[in-house]
Every structure is written in C-alpha cells, then in structure tokens.
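Peer 1: what follows is a protein structure lacking sequence information:
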Ligand code: CP3
C-alpha cells in the first residue's frame, strides 16, 4: 500500500526524467473545465477570472479532476493570459468569443508602454493557490506559463486568430520591436515560473499552443531564442520542464534545441516518429482530444495505439495532444486514465 502510494507520487516525475516507472503516468491538459458538472456549477456563480483570482476557488477547481479521475499529476488552475493584465494589456473572457483584449498591442509605442511585472505581487493569488493545493495533494502539481509567441499573438491580435496577420506584420515589418516584445514576455515567463516553483509546483509546462503557425525558418529566427532563454533560466531549479506546442510536426527538432526535459507531441505526428526526432528526452502526448468524443471502443483503440507506439519505453507521459474539449463526457476521460494504467506496464529497468 505504502509502496503503491509512493509510486503514484513519483510516477509522473520519474517519467519526465525519462526514468523507468511501473506504468505510464497520465494527466490531461484542461483536466479542469467545462466538461465537469462541478466546474459548471461553480462557473454559474463566478466568472472565469474570479475563479483564477480567488485562491480558495482556484484550489477547488484544481482538485475537482483529481477527485474523479485517476490522474498522476494536477495542474494549477489559472489561465495563460493572466500575465497580460499586470503588463498593461487588460482582457476579458467573452462568452462565445473566448478572450478579448480591449486595446491590442500594435505599435512600437504600445510595446514600450508595457509594465515590468513583479510576480510575487502580480500573481499573488495564483502563488497562494499553489501553496494551498500542495497541502491537499498526494500527486505532483504542475505550474505553467504561456510562451512568447502564443502570448504575443493574443496581445497583438486581440483574441483568437486564424492567420496571425497582425502578429506576423509586426514580426516581419519591425523585427527589432518584435524581439523587444518577446524578450519582455520571456523574462516575465521565467520569473513567473520561478515564483511558481518557489511556491511549490514540482514541474512546469511552457504552452506554445499556436507556434505551429510558423515556418521552421521563422520559428528559428523569431521564437527559438526567446523560448531557449526561458528554459535556460529555469535549469537550476531542478524541476522537470515540459515544452508544449501544437501543429509542430515541422518544428520538433527546433523545439528540442530550444529546451525542455519533456517535449509535447500533438496527434498529427505518430508518437514513435515524433519521439525518434526528440531523441533521448521524454515526450508527452499524444491522443487526439476529439477521440474522447468517439464511441468507447474507438477511443480505447486510439489509446492502445499511442501506448503501442510508446512501447513501454521510459519517458512517456500520457496526455492528449491538446486540451479536453468542453463537450467531452467525464466517463470517457475516466476510462482513458484507467485504461492507460491497466495497459502494459512500463519497461522496468531497461531502456528499451
Ligand atoms: O489545463 C488545466 O486544467 C489548467 C487550466 C488552464 C486553463 N487554460 C483554464 C481555462 C490552462 C493550462 C489554460 C491554458 C491556456 N489558456 C492556453 C494554452 C493551452 C491551450 O489550450 O492551448 C490558452 C491558449 C489559453 C487562452 C484561453 N483561455 C482561451 C483561448 C480560452 C477560451 C476557450 C474557450 O473554449 O472558450 C480560455 C478560457 C479557459 N481557460 C477556460 C478554462 C477552463 C474556459 C473558461 C470557461 O469556464 O468559460
């Protein structure tokens, strides 16, 4: 019993370090959210931003999936966009439209007006939520931040975008200003993650969700140096660093070079092929979140395929290729976690 508990505590962190473990650990991006009835009940009373800014509520939402699903890690409930507000870019979540930034950054003057952020002040509620969650949790807690391209794209476009026209216009037209903006965002990201680790998170994930919009050459020129700086600045903390993106099939080698102990793979790349390009580091992924909407047999076949491609090698963190969709049935999420745990155990002791 004790050994089993210890294993559950260690499984995720061991896999992140590409060490052998008894079974692949599993967690889900967006494991807290609208697909859960208890989350929807809280959202009927509080806005998304109220949930993020009230430590007791953020703790409750963080723990909701942990109570219901056999996950091996929790992720602190917050949002990637929270740092925009203290930097001077206010936004809100608008029903049906997602995040909306009232005055998007467009000019050099807009970017030079950005305010420096002291994470211990600006993110005090998130850091307090981290300290409180740690008291309740038997499994590791993951902290996170948005990567420069993904954050910049919201700040410049003003919301979700399909072609990133304004962001790319700035990137190509004023590369000096683009780099200044990304340097600011990278510095904030590194400081914020450091503060999260000091408050108790045991792993960190850098979300570069929309970076797949870039060609490899543009990634190398406009993004990679800034992402590398974040990972380099966190090296001394000794916690696993997860580097996540989507649409990254042509960028994996460049992402690996930028850093991270674990590289995220989305479902567009078969896991074994993606892993071969990542090398000896750990990988996280890569079930298509839409498969959770499929009949259970089809869903289980998808999970089995991911596990077959991982082949029990040390260093696989089971996850989706992107976040859980709001229309997902909770029972399907539970079934995936259980199925991963019941399936073939990780290789014990050997590398292959
Ligand atoms: O994963 C988790 O459980 C932790 C919480 C978390 C949320 N957002 C909660 C959330 C995390 C890690 C994020 C990251 C995030 N936020 C990303 C990167 C990950 C990704 O999905 O690519 C991005 C791009 C955002 C920005 C953001 N926040 C968008 C685009 C939206 C709207 C989405 C939509 O479908 O309406 C949000 C809102 C948001 N963040 C919700 C949740 C649970 C839904 C809010 C609600 O209850 O209405």
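Peer 2: Here it is on my side, so go on. Because the structure is predicted, anything quoted here is derived from the model rather than measured.

Peer 1: ramachandran angles for the residue of the stretch 101-250 of the chain at minimum distance from the ligand?
Peer 2: When you check the stretch 101-250 of the chain against the ligand by Cβ to the nearest ligand atom, the closest residue turns out to be residue 209, at 3.1 Å. Just so you know, the C-beta spots here come from the backbone N, C-alpha and C atoms, and that holds for glycine as well. Dihedral pair for residue 209: phi -60, psi -40, per degrees, to the nearest 10.

Peer 1: did I read that right, residue 100 in a strand?
Peer 2: Yes - under DSSP: H, G, I helix; E, B strand; the rest coil, residue 100 sits within a strand.

Peer 1: so in terms of bridging, what pairs with it?
Peer 2: Counting by DSSP bridges, residue 100 forms beta bridges with residue 92.

Peer 1: how about the helices in the stretch 1-150 of the chain?
Peer 2: Counting by DSSP state H, counting those that start in this stretch, residue ranges of the helices within the stretch 1-150 of the chain are 2-16, 37-45, 48-53, 55-68, 84-87, 108-112, 119-122, 124-136, 148-157.

Peer 1: ok, and which of these has the densest surroundings?
Peer 2: Of all the helices of the stretch 1-150 of the chain, helix 148-157 carries the top mean neighbour count, a mean of 26, counting by mean count of other Cβ atoms under 10 Å.

Peer 1: distance from the chain centre to it, please.
Peer 2: Using Cα atoms, centre = their mean, to the nearest Å, the distance from the centre of helix 148-157 to the centre of the chain it belongs to is 16 Å.

Peer 1: other residues contacting it?
Peer 2: Applying Cβ atoms under 8 Å, 6 or more residues apart in numbering, the external contacts of helix 148-157 come out as 80-81, 83-84, 89, 91, 99, 101, 104-106, 146, 160-161, 164-167, 170, 178, 181-182, 185-186, 189, 207-211, 213-214, 222-223, 226-227, 230.

Peer 1: which of those fall in strands?
Peer 2: Using DSSP state E to define strands, the subset of these located there is 91, 99, 101, 146, 207-208.

Peer 1: still on that earlier bit, of the contacts of helix 148-157, buried ones?
Peer 2: Those of the contacts of helix 148-157 that meet the buried threshold are 80-81, 83-84, 89, 91, 99, 101, 104-105, 146, 161, 164, 166-167, 170, 178, 181-182, 185-186, 189, 207-211, 213-214, 222-223, 226-227, 230, by 16 or more other Cβ atoms under 10 Å.

Peer 1: got the residues of the stretch 1-150 of the chain near the ligand?
Peer 2: Contact residues, the stretch 1-150 of the chain versus the ligand (Cβ under 6 Å from any ligand atom): 29-34, 43, 48, 75, 77, 79-81, 93, 98-99, 144.

Peer 1: just the buried residues out of the residues you listed, in PyMOL syntax.
Peer 2: When burial is assessed using 16+ other Cβ under 10 Å, the buried subset of those is captured in PyMOL by this command:
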select buried, resi 29+30+31+32+33+43+75+77+79+80+81+99+144
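
Peer 1: circling back: worst average pLDDT in the helices of the stretch 1-150 of the chain?
Peer 2: For the helices of the stretch 1-150 of the chain, mean pLDDT drops lowest on helix 2-16, to a mean of 78.

Peer 1: ok, and the closest non-adjacent residue to the residue of the stretch 101-250 of the chain closest to the ligand?
Peer 2: Leaving out its chain neighbours, the residue that sits closest to residue 209 by Cβ to Cβ, 6 or more residues apart in numbering is residue 150, at 5.0 Å.

Peer 1: how near is the one you found to residue 269?
Peer 2: Going from residue 150 to residue 269 by Cβ to Cβ, to the nearest Å gives 19 Å.

Peer 1: please apply the same query to residue 42.
Peer 2: When Cβ to Cβ is the yardstick, residue 42 and residue 269 sit 36 Å from each other.

Peer 1: for the helix or strand hosting residue 277, name the packing helices and strands.
Peer 2: When secondary structure is defined using DSSP states H and E, the element that contains residue 277 is helix 271-278. Secondary-structure packing of helix 271-278 (3 or more Cβ pairs under 8 Å, 6 or more residues apart in numbering; DSSP states H and E): helix 252-258, strand 282-287, helix 296-310.

Peer 1: now do the first one: distance to the chain's middle.
Peer 2: Spelled out, that is helix 252-258. Relative to the centre of its chain, helix 252-258 is centred 17 Å away, using Cα atoms, centre = their mean.

Peer 1: kindly report the same for the last one.
Peer 2: A distance of 22 Å separates the C-alpha centroid of helix 296-310 from that of its chain, computed with Cα atoms, centre = their mean.

Peer 1: show me what it packs onto, helices and strands only.
Peer 2: helix 271-278, strand 282-287, strand 316-320, helix 330-342.
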